[in-house]
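>>> Attaching a predicted model along with its sequence, questions to come.
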Amino acid sequence: MSDRYTRNSGRSSGQDRSPRRPASDPYGGRTPDRSSVRRRSRRTSFKLTPSAIIPLAVLALIVILGIVAVIRLVHWNKGTASTYDPTVVNTAYDVEVLDVIIPIDPALLEGRTDDGTTTVLFLGDDPVCGDDETGLAGQIAKLGGNKTKTISAGFPDSQIASVNALFDTDYLDDAFNFYYVANAINMGDYTTMETVATIKNDIRFKNSVETLKSVDFESVDIIAVMYDASDYLHRSPVWNDNDDGDLQTYTGALKRGIELIKEAYPHIRLVFLSPTYAFYPLEDGTYDDANYTDLGNGALPTYVIKAIDVTGNCGISFIDNYFGSVNENNHSKYLADHIHLNEAGFRQVARHFVSKILNNDKEEFDPGY
């Protein structure tokens, strides 16, 4: 009896008689309300912070770039079908033509009357000697049509550079070199040229002097100057660093001659035609390629490139015959003796001149093979 009471009294002396709740029950055996569940869910949900977004964005970018790279690599490996046809020969633009076309200033033509004919006077050496229809002047007249008139006043085997800075009787042929011809035109005095021509065995000297004396320069529209490789073959110095007007150099005599003609006849358009491709004759009858052979003042292209500089500085047009008319690829068709032009060569140079100067063609000249 006392033991039972003792056990009951132990439960009644302060112990809680309610059922025990499991340790894992956070609600103490009570049914949770919905607001408590929502608050707890919010406390345990995942949040994207800026520090978490940036790595994910970088990773996504890397994946995208990788996919793009793979796609492009696969496409590149497939390639495209070739359109190359080995049977087709394309002659255009195999060499770069160095034409420099400068029109005359319209202000220099103000007050002048156009007679409807383009008159072209040719100065130079062998390429412009004679007016026959197979020569350069004749070919240009033919290609230019009825409104083109050509006049030739060339002197055989002459050159641009002067042998003497002052004319001297120890070298009479200087009278026919470019500077002295230009000086005679500027002065209107052909006495020295006429005198020297009388002792020459070649009638072409006398004919050209007479032609110059008879020219009405007021009616001339264009003066075209063309010398072949004569300065190179005669080993003329190309330039003088201390005197850009040195008459004994190729560039100095060219510059001074151009200035004299422009001074006397500013209304005339000047055009310089470069030498064509050529070869240097050796004593054994063979030839060296002037494109590579330096005779002491540079190979032939040196003269051509320097002429571009001079004509550009003087404000006149430059027709590139060296790369653009008769060049390394096609010279065998156009040279008669490795130096001088044959009839087809004259036609080729004439075609180039007419295209760029008379027809004002803007497209690059195609020299062909």
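Received the coordinates, thanks. Worth saying up front: this structure is predicted, and the values here are computed from it rather than measured.
>>> where are the low-confidence patches of the stretch 201-350 of the chain?
Within the stretch 201-350 of the chain, no stretch has pLDDT under 70.
>>> Could you find the closest non-adjacent residue to Ile151?
Leu121 (4.7 Å; C-beta to C-beta, 6 or more residues apart in numbering). In short, each C-beta sits where N, CA and C put it, glycine included.
>>> list the contacts for His338?
Contacts for His338 (C-beta atoms under 8 Å, 6 or more residues apart in numbering) come out as Ala278, Phe279, Pro281, Tyr287.
>>> Just the element for Leu56, please.
Assigned by DSSP states H and E, Leu56 belongs to helix 50-78.
>>> helices or strands up against the helix or strand just after that helix?
Using DSSP H and E, the helix or strand that follows helix 50-78 towards the C-terminus is strand 118-124. Applying 3 or more C-beta pairs under 8 Å, 6 or more residues apart in numbering; DSSP states H and E, one finds that strand 118-124 makes contact with helix 136-144, strand 148-154, helix 178-187, strand 222-226.
>>> and with 6 Å instead?
strand 148-154, strand 222-226 (3 or more C-beta pairs under 6 Å, 6 or more residues apart in numbering; DSSP states H and E).
>>> sorry, back to before: list the contacts for the residue nearest to Ile151?
Ile151, Val220, Ile223 (C-beta atoms under 6 Å, 6 or more residues apart in numbering).
>>> Using a markdown table, lay out those residues together with distance to Thr302 and neighbour count.
Compiled in a markdown table, the contacts of Leu121 are given as follows (distance: C-beta to C-beta, whole Å; neighbours: other C-beta atoms under 10 Å):
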| residue | distance to Thr302 | neighbour count |
| --- | --- | --- |
| Ile151 | 31 | 20 |
| Val220 | 31 | 18 |
| Ile223 | 25 | 26 |
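>>> Which stretches in the stretch 201-350 of the chain count as strands?
Taking DSSP state E, counting those that start in this stretch to define them, one finds strands in the stretch 201-350 of the chain at 222-226, 269-273, 279-281, 287-289, 317-319.
>>> count of residues packed around the residue nearest to Gly296 when sequence neighbours are not counted?
Using C-beta to C-beta, 6+ apart and skipping the chain neighbours, the partner closest in space to Gly296 is Arg235 (5.5 Å). By the criterion of other C-beta atoms under 10 Å, Arg235 has 10 neighbours.
>>> Regarding stretch 257-274, how distant is the last residue from the first?
Taking C-alpha to C-alpha, to the nearest Å, stretch 257-274 runs 16 Å from one end to the other.
>>> swap in stretch 176-192?
Per C-alpha to C-alpha, stretch 176-192 runs 10 Å from first to last residue.
>>> residues making contact with it?
Outside stretch 176-192, the residues that touch it by C-beta under 6 Å, 6+ apart are 155, 158-160, 162, 174-175, 193, 209, 212-213, 247, 253, 256-257, 260-261, 264.
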